[in-house]
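J.: sequence plus predicted model, see below.
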Amino acid sequence: MDRIIKPELERFTTALWLERGLSENTCQAYRRDVEGLDRWLSEHKHSTALTADESDVQAYLGVRLAGGSSHRSISRLLSSLRSFYQYLVREGELAVDPTQHLDRPKPSRPLPKTVSEAQVDALLNAPDLDVAIEHRDAAMLEVLYACGLRVSELVSLTIPQLSLNQGVVRVLGKGGKERLVPMGEAAVQSVSDYLRSSRIDLLSGKQSDVLFPSNRGVAMTRQTFWYRIKLYAQRAGIKDSLSPHTLRHAFATHLINHGADLRVVQMLLGHSDLTTTQIYTHVARSRMQALHEKHHPRG
């Protein structure tokens, strides 16, 4: 490290300890972050941290990010550098803080975990329809996958929300927003069969509007259904982590794979903002690439 920066860095770490009460380890972490910038500037820009401008700091953060540092690490690094430069400006040793207009990097949203269509088929076929509670679960899985519901929306469904003749379900989503979602032929048939037989057995004469009651005649909890899915995933030989939310992602992913418009998927999922649904655009891009490779003469 260039010796020019050493006095300023010593005063900065002392101020961290005196003014903010930071531990010795934390103060040294701040010091290492500033030294790292200074070392890089010396090697690549023939300058020091004291003469760095915004583009210099931005370039250094970019190098660290490209080198494999996580977004969290980069945010912490920027916080250290900003503290250093704010201290120098406050002390009158610098006129401008080169980090003042730099934003913390936004972490890319992880792609949703999903399952293949073959795995979904295996899962839907896993329950034993001769067992009342499993027949109920089979109908729930069909509706969950066919409609892309949140698990809270699924377990709270009531008979009046269902229209088997029209093949739709009226869903009450977040914030009490209502949406109509088509069920599809397979889900309509599955629910119809369940209503005629296993639901009656589960209720044992009790009166309830709950579409998928527990054996006590009340709505099951989200946690209970989560455990039920785990059971059928294991039975179907699905080794990937599986949850109700995984099937919701599979619903959206498989729709887009088969050409559905993103705005249609947005409405079906009950997303208030299209940007929430845009996480699925990676599916559309991979699908377009596959189609290009298959059909373009130069693919």
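T.: Structure's in. What do you need? Numbers count the residues shown, from 1 in each chain.
J.: only C-alpha atoms from now on, for both contacts and neighbour counts.
T.: Fine.
J.: which stretches in the stretch 151-299 of the chain count as strands?
T.: 162-163, 168-172, 178-182 (DSSP state E, counting those that start in this stretch).
J.: break this structure down into its domains, please.
T.: 3-90, 117-295 (automatic domain parsing).
J.: what's the closest of the strands of the stretch 151-299 of the chain to Thr224?
T.: strand 168-172 (20.5 Å; Cα to Cα).
J.: ok, the closest one: who's next to it in the sheet?
T.: Strand 168-172 pairs in its sheet with strand 162-163 (antiparallel), strand 178-182 (antiparallel), by DSSP bridges.
J.: now mean neighbour count too, for the domains of the chain, in a markdown table please.
T.: Shown next, in a markdown table, are these (neighbours: other Cα atoms under 10 Å):
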| stretch | mean neighbour count |
| --- | --- |
| domain 3-90 | 16 |
| domain 117-295 | 17 |
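J.: kindly reformat these as JSON lines and extend each row with mean pLDDT and distance to Arg104.
T.: Formatted as JSON lines, the domains of the chain follow (pLDDT from 0 to 100; distance: least, Cα to Cα, whole Å):
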{"stretch": "domain 3-90", "mean pLDDT": "88", "distance to Arg104": "5"}
{"stretch": "domain 117-295", "mean pLDDT": "85", "distance to Arg104": "20"}
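J.: reformat those into TSV and put distance to Pro98 next to each item.
T.: Listed next are the domains of the chain as TSV, based on distance: least, Cα to Cα, whole Å:
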stretch	distance to Pro98
domain 3-90	4
domain 117-295	32
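J.: ok, now which ones touch the residue nearest to His101 when sequence neighbours are not counted?
T.: Leaving aside its sequence neighbours, His101 sits nearest to Glu54 (Cα to Cα, 6 or more residues apart in numbering; 7.9 Å). Under the criterion of Cα atoms under 8 Å, 6 or more residues apart in numbering, the neighbours of Glu54 are Pro98, Thr99, His101, Leu102.
J.: ok, 10 Å please
T.: Val96, Asp97, Pro98, Thr99, Gln100, His101, Leu102 (Cα atoms under 10 Å, 6 or more residues apart in numbering).
J.: buried ones only from these, please, as a PyMOL command.
T.: Burial among the contacts of Glu54 is assessed by 16 or more other Cα atoms under 10 Å; the matching PyMOL selection reads:
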select buried, resi 97+98+99
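J.: out of the contacts of Glu54, the closest to Leu129 would be?
T.: Taking the contacts of Glu54 together and measuring to Leu129 by Cα to Cα, the closest member is Leu102, at 59.0 Å.
J.: how much space separates the closest one from Phe12?
T.: In this structure, Leu102 and Phe12 are 21 Å apart, going by Cα to Cα, to the nearest Å.
J.: now swap in Ser83 and tell me
T.: 9 Å.
J.: which residues do these two both contact?
T.: What both Ser83 and Phe12 touch, as defined by Cα under 10 Å, 6+ apart, is the set Tyr30.
J.: not counting stretch 118-129 itself, show me its contacts.
T.: For stretch 118-129, contacts defined as Cα under 10 Å, 6+ apart pick out 114, 116-117, 133-142, 145, 193-194, 198, 228-238, 240, 247, 250-251.
J.: picking that back up, what is the nearest of the contacts of Glu54 to Asp33?
T.: Using Cα to Cα, those come closest to Asp33 at Thr99, 13.8 Å.
J.: SS state for that closest one?
T.: coil (DSSP: H, G, I helix; E, B strand; the rest coil).
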